[in-house]
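Visitor: heads up, no residue letters with this:
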C-alpha cells in the first residue's frame, strides 16, 4: 500500500512477532493496520496473518507460544475455541466466553477481548447515544457475545438477542441468562428469540434504537445475504443499523438501511478500535489512531 522506504518497517533479529489466527484470512486489514502503527510508533514489531481454523488451532497456539511470539489476535472461527488453550483469561474474555487478543507474558498466554469495547467506541464516534436505549442484536458467537456484554455496561435499558434455532441458540440462552443474573446490577433486561420468528423480530426492531448484525451474513462468500431477508419494511429513518462486517464495506444489510434512510455503520471503525486496544496490550504503547485512520482507512474508504 505504501512504497516509500521510510514507511517500511525494518525487521531484524530483535523484531517481536505478533500474528492473527483466522480463516478466511485474506480479507483482513489487521496486518496492514498493526504494521502501520508499529512504523509510525517506531516499534520493532511485525504482524503476520496465518490461515488457521479450529481443526489446527491448538497446534497453532502451541507454536506461537513455543516461538515466544509477543501475542496474537484471534478471529473467526476461533474466538471461543481458543479459550481452552490459554493459561489465563482476563475478565473481558471470561465474561464474553471468547478471546480475540492473546498476550504472551513471560511464557504465559493470557486471553483478552477487545471486540465489545471496540464496537461501542465505534458507535460513540458516530454520535450514537446508547444510554437508556433498546438494542436488537443478531448473533451469539465469538463477536456477538462480547458486544452484548459491553452494551450492557454502556447504559442501555434492554437488549433483545436473536439467534438461529440450531447450534447458536444455546449460546444465546447462556448470554441472556448471564446478563439477567450475573449482570443484574446493571439493570438491563435481556430477551432471547429465535431468528426464525419473523413477527417477533419485526416487533423488536420497531421498538429498538439500534439493529446490530454480529453474524458473518454479508461477508464474502455470504455477501448476497442479509439478516432482514424480506423484512426491509421494518427499516426507518431514526433507526441505526450496524454491521461487524467490513469487507465488503457496504453489506447488503447496510445497503438496505441506506435505501430506507436509516443510519448505516459498517465494521471498519470497530476494527480500528479493537485493534488499537489490542495494540496497547501487545506493546504497552498507544496506537496513533488518527494517523493510522488517515493513512490506511482513507485509502480503503
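Guide: Arrived safely. Here the structure is a predicted model, which is why all the values come from computation and not from measurement. Residues are numbered from 1 along each chain as shown.
Visitor: residues of stretch 226-233 that come out buried?
Guide: 226, 227, 228 (16 or more other CB atoms under 10 Å). Using the backbone N, CA and C atoms, a C-beta is placed for each residue, glycine as well.
Visitor: the strands in the stretch 101-250 of the chain, which residues?
Guide: Counting by DSSP state E, counting those that start in this stretch, the stretch 101-250 of the chain has strands at residues 101-105, 108-112, 134-138, 158-163, 189-194, 210-213, 240-243.
Visitor: how far off strand 108-112 does the first one point, in degrees?
Guide: For strand 101-105 and strand 108-112, the angle between their directions (axes from the mean of the first three to the mean of the last three CA atoms, to 10 degrees) works out to 150 degrees.
Visitor: Partner strands of strand 101-105, with direction?
Guide: Looking at strand 101-105 with DSSP bridges, its partner strands are strand 71-74 (antiparallel), strand 108-112 (antiparallel).
Visitor: cool, the fifth one as well?
Guide: For strand 189-194, the paired strands and their directions (DSSP bridges) are strand 158-163 (parallel).
Visitor: Contacts for the partner strand next, please.
Guide: The set of residues external to strand 158-163 that reach it, using CB atoms under 8 Å, 6 or more residues apart in numbering, is 134-140, 144, 148, 151-152, 169, 171-172, 175-176, 179, 188-195, 197, 201, 204, 208.
Visitor: Now which of these would you call buried?
Guide: 134-140, 144, 148, 151-152, 169, 171-172, 175-176, 179, 188, 190-195, 201, 204, 208.
Visitor: so where is the chain shaky, pLDDT-wise?
Guide: Filtered on pLDDT under 70, the chain yields the residue ranges 1-9, 299-301.
Visitor: Break it into its domains for me.
Guide: 5-113+270-300, 116-266 (automatic domain parsing).
Visitor: With adjacent residues omitted, what lies nearest to the residue nearest to the spatial centre of the chain?
Guide: Nearest to the geometric centre of the chain sits residue 115, at 4.0 Å (CA atoms, centre = their mean). Closest residue to residue 115 apart from its sequence neighbours, by CB to CB, 6 or more residues apart in numbering: residue 146 at 4.4 Å.
Visitor: Pretty sure residue 120 is one of the things the one you found touches, is it not?
Guide: No: between residue 146 and residue 120 there is no contact under CB atoms under 8 Å: 10.1 Å.
Visitor: neighbour-wise, which of the two wins?
Guide: Counted by other CB atoms under 10 Å, residue 146 and residue 120 do not tie: residue 146 has more neighbours, with 29 against 21.
Visitor: Quick one: residues contacting the more buried one.
Guide: Counting by CB under 8 Å, 6+ apart, residue 146 has contacts 92, 95, 96, 98, 100, 113, 115, 116, 119.
Visitor: residues in contact with the fourth one?
Guide: When you say that, I think you mean residue 98. Contact partners of residue 98, counting by CB under 8 Å, 6+ apart, are 79, 80, 82, 83, 113, 115, 141, 142, 143, 145, 146.
Visitor: same question, residue 221
Guide: Counting by CB under 8 Å, 6+ apart, residue 221 has no contacts.
Visitor: can you check residue 201 too?
Guide: Applying CB under 8 Å, 6+ apart to residue 201 gives the contacts 136, 162, 193, 195, 231, 234.
Visitor: what's the answer for residue 237, then?
Guide: Contacts of residue 237 (CB under 8 Å, 6+ apart): 260, 261, 262.
Visitor: Residue 255 versus that one, what's the distance?
Guide: As judged by CB to CB, to the nearest Å, residue 237 and residue 255 stand 16 Å apart.
Visitor: in terms of contact, does residue 234 touch residue 205 like I think?
Guide: Yes: using CB under 8 Å, residue 234 makes contact with residue 205 at a distance of 4.6 Å.
Visitor: And those two? Which one has more around it.
Guide: residue 205 (22 against 19).
Visitor: can you give me how far stretch 109-129 is from the chain middle?
Guide: Distance of stretch 109-129 from the chain centroid (CA atoms, centre = their mean, to the nearest Å) equals 8 Å.
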